[in-house]
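Q: Build the 3D model from these lines:
(4 chains)
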Protein chains: 2
Amino acid sequence: MAPPNRLLLIDDHRLFNDGLKSLLDAQPDLTVCGQVFTATDALSAVHRFHPQLVLLDINLQGTNGIDLGIQLIRQFTGLRVILLTMYNQPKLLEEARRAGLQGYLLKEATTDQLLTGIRTVLSGGTFFKLDDPESSPMNDPFNDDFARRLNLTFREVEIIRLICQGLSSEQIAEQLNLSIETIKTHRKNIYFKLNISKVADLIQFAIKQGL
Amino acid sequence: MAPPNRLLLIDDHRLFNDGLKSLLDAQPDLTVCGQVFTATDALSAVHRFHPQLVLLDINLQGTNGIDLGIQLIRQFTGLRVILLTMYNQPKLLEEARRAGLQGYLLKEATTDQLLTGIRTVLSGGTFFKLDDPESSPMNDPFNDDFARRLNLTFREVEIIRLICQGLSSEQIAEQLNLSIETIKTHRKNIYFKLNISKVADLIQFAIKQGL
DNA sequence: GAGGCAATACCACTTTTGTGGTATTTTGAA
DNA sequence: TTCAAAATACCACAAAAGTGGTATTGCCTC
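A: Coordinates of the predicted model:
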């Protein structure tokens, strides 16, 4: 039987790392040869453990996963790198792809997705996957509960989303084929319901709801 | 010897849950009697396992940890509830405290903090703890790397922070004892460096940096 | 000591937000 | 079918934010 593939975890979130390690070690074809918690330890760990694949978080002390990933694949030929992050952001995924990394996976991914991604990359492919809002309503930041708690209407939630994307009232009006005045009215009502008074507050609020 | 305290984990983030479970089960005085991944399963699980303590995430399908926590302590007298969340937000902590929950811990907390918090609450106390930026620079969203990559100055990072907290230019000027004009100048320079043009963009940006 | 950068500050002007009204139409539930 | 909520829309005015300049000071480095 072929020896299991060696994986290295680089993530300062220890508990998550531990959970991931037990999942991976339970697979006969995979073994976690080490975990490190800081970027500074990463290079020496790759030297020491010579893994086939590195799973890399984006948030690291002193640097970030993408830069570190670039450095790793440049320095260790054949080494493959998957970004493993909580950020469900197309732009970050694209950045990772452009940087030449082999994968982008969400920490919230299902076990199946994680394993599929890892095996795909190990066998020479790439695997880039964001969260599909259709298939996992629980990751929808503006879920029913959020709206219900605050008595927000459907339209209001829709407009909150667009504001949070950085659109101006004018752009929102354009996109929804409405008058700017209508958007301003909705904005007023939203601010009243949330008891806030500025875009900044709104976005802060949206973050807290789990965007 | 006293039987170990029974804990129930409620969190849809399975990997994190698994990691936490192995940590807790390794403690002689603690045992994880069950883990559930949705709020709907929570009530029946508490019935089945009658834990002393519930560790509860904020983001749950169909509801949120605070509401569920309120419901749990109302329904099961003596049951203690700790919110375990990724949100390092004073307002959420306060909400949890007002709601009568017994603790608020960050998923990024150290193992020590987690165990201390759990034991404190089990022995009848409360434990509310946010991240201390002084003691854990790695959780600082605007770390060196962020500033370096974008050529932001110290002052600029400081002002980004305040903008993201929802302060107006005037309020920032007041707080830093500067002229509004100075703040506006900094704002201009920040927007130029980040290639953006609105507060909303800035906050979006800050989120991506790991706020 | 010359040059560059960071931090401060001001002016003038435009655009966008935010506030406080009012009013009409659509729609769904009782 | 009637009633209330939701969605639409307008007006006017105040307050911020954003844009495009310029300018001074202090500090560090070459």
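
Q: Count the residues that sit near the residue of chain A found nearest DNA strand D.
A: Proximity of chain A to DNA strand D (C-beta to the nearest atom of the strand) peaks at residue A:153, 2.7 Å away. Glycine gets a C-beta too; all of them are placed from N, C-alpha and C. Using other C-beta atoms under 10 Å in any protein chain shown, residue A:153 has 13 neighbouring residues.

Q: what's the pLDDT at it?
A: Looking at residue A:153, its pLDDT is 85.

Q: go on, residue A:147?
A: 59.

Q: after whichever strand or helix holds residue A:118 comes which helix or strand?
A: Using DSSP states H and E, residue A:118 falls within helix A:111-122. Downstream of helix A:111-122, the first helix or strand assigned by DSSP H and E is strand A:127-128.

Q: I'd like to know the average pLDDT value across that next one.
A: Mean predicted confidence for strand A:127-128 is 88.

Q: Quick one: classify the residue in chain A that chain B sits nearest to as helix, strand or coil.
A: Ranked by C-beta to the nearest C-beta, the top residue of chain A for proximity to chain B is residue A:19, at 3.1 Å. Taken by DSSP: H, G, I helix; E, B strand; the rest coil, the conformation at residue A:19 corresponds to helix.

Q: And residue A:105, by the same measure?
A: strand.

Q: and what of residue A:31?
A: From three-state DSSP, the assignment for residue A:31 is strand.

Q: excluding its backbone neighbours, what's nearest it?
A: residue A:4 (4.2 Å; C-beta to C-beta, 6 or more residues apart in numbering or on different chains).

Q: what about the one you found, neighbour count?
A: 16.

Q: picking up where we left off before, for the residue of chain A closest to chain B, give me its contacts.
A: B:14-20, B:22 (C-beta atoms under 8 Å, 6 or more residues apart in numbering or on different chains).

Q: just curious, which of the residues you listed is nearest to residue B:38?
A: Proximity of these to residue B:38 (C-beta to C-beta) peaks at residue B:14, which lies at 11.2 Å.

Q: Model confidence score at the spatially closest residue to the closest one that is not a sequence neighbour, please.
A: Distance criterion C-beta to C-beta, 6+ apart; nearest residue to residue B:14, sequence neighbours excluded, is residue B:37 at 6.3 Å. pLDDT, residue B:37: 78.

Q: Report whether the expected contact of residue B:37 with residue B:16 is present.
A: No - the criterion here is C-beta atoms under 8 Å, and residue B:37 misses it with residue B:16 at 10.8 Å.

Q: The two: which is more packed in?
A: Using other C-beta under 10 Å, the more surrounded residue of residue B:37 and residue B:16 is residue B:16, with 24 against 18.

Q: Would you agree that one is in contact with residue A:14?
A: No - the criterion here is C-beta under 8 Å, and residue B:16 misses it with residue A:14 at 10.5 Å.

Q: ok, which stretches of chain A are strands?
A: Along chain A, the stretches classed as strands by DSSP state E are A:5-10, A:30-36, A:53-56, A:59-60, A:63-64, A:80-85, A:103-106, A:127-128.

Q: okay if I get those strands as a markdown table plus distance to DNA strand C and mean neighbour count?
A: Output for the strands of chain A, formatted as a markdown table (distance: least, C-beta to the nearest atom of the strand, whole Å; neighbours: other C-beta atoms under 10 Å in any protein chain shown):
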| stretch | distance to DNA strand C | mean neighbour count |
| --- | --- | --- |
| strand A:5-10 | 30 | 23 |
| strand A:30-36 | 32 | 19 |
| strand A:53-56 | 29 | 26 |
| strand A:59-60 | 24 | 23 |
| strand A:63-64 | 20 | 22 |
| strand A:80-85 | 29 | 26 |
| strand A:103-106 | 30 | 24 |
| strand A:127-128 | 32 | 18 |
